[in-house]
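**Student:** 3D, please:
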Amino acid sequence: MLLVDQTNELIVSHVSLQEILNKVGRGRLPIAGTSVSGVFARIQMLSDTFLPVRLDHILAAARLPQIHHDPGDRLLVAQALDEAVPLMTLDPEIMDYDVPTIC
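**Tutor:** This next block holds a predicted model:
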């Protein structure tokens, strides 16, 4: 599995981290018996590389074609393009951008 293969570098965007932890905090992500701090600790075990949102990412996201209307997903696309890293997703609208993806 890609996430547990330690030869792969997993980069976690602050955008994804915020979305995951918010869902856990609201009880909307079915990870049984976990808390926000517990999920964050599990994410840290998988990755020690976190990608902060920079102003150039925000500007690039604003310039993207209006294929996807979720601002968080558009920001992830902009970050992946700027950092030249593939984006792990199953979202078909994200795959319509010219961004490398991992399914």
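
**Student:** what is the rounded mean pLDDT of stretch 90-103?
**Tutor:** In this model, stretch 90-103 carries a mean pLDDT of 93.

**Student:** what domains does the record give for the protein?
**Tutor:** 1-51, 53-103 (automatic domain parsing).

**Student:** mind listing the strands for this structure?
**Tutor:** Along the chain, counting by DSSP state E, strands occupy 11-13, 49-51, 87-88, 101-102.

**Student:** quick one: contacts for the residue nearest the centre of the chain?
**Tutor:** Closest residue to the average C-alpha location of the chain: residue 16 at 3.7 Å, with C-alpha atoms, centre = their mean. Contacts for residue 16 (C-beta atoms under 8 Å, 6 or more residues apart in numbering) come out as residue 76. (Glycine included, C-beta is placed from N, CA and C.)

**Student:** which residues are contacting the lowest-mean-pLDDT helix or strand in the chain?
**Tutor:** Between all helices and strands in the chain, the lowest mean by mean pLDDT, DSSP states H and E belongs to helix 36-46, at a mean of 87. Residues from elsewhere that reach helix 36-46, judged by C-beta under 8 Å, 6+ apart: 3, 4, 10, 12, 17, 20, 21, 24, 25, 29, 31, 34.
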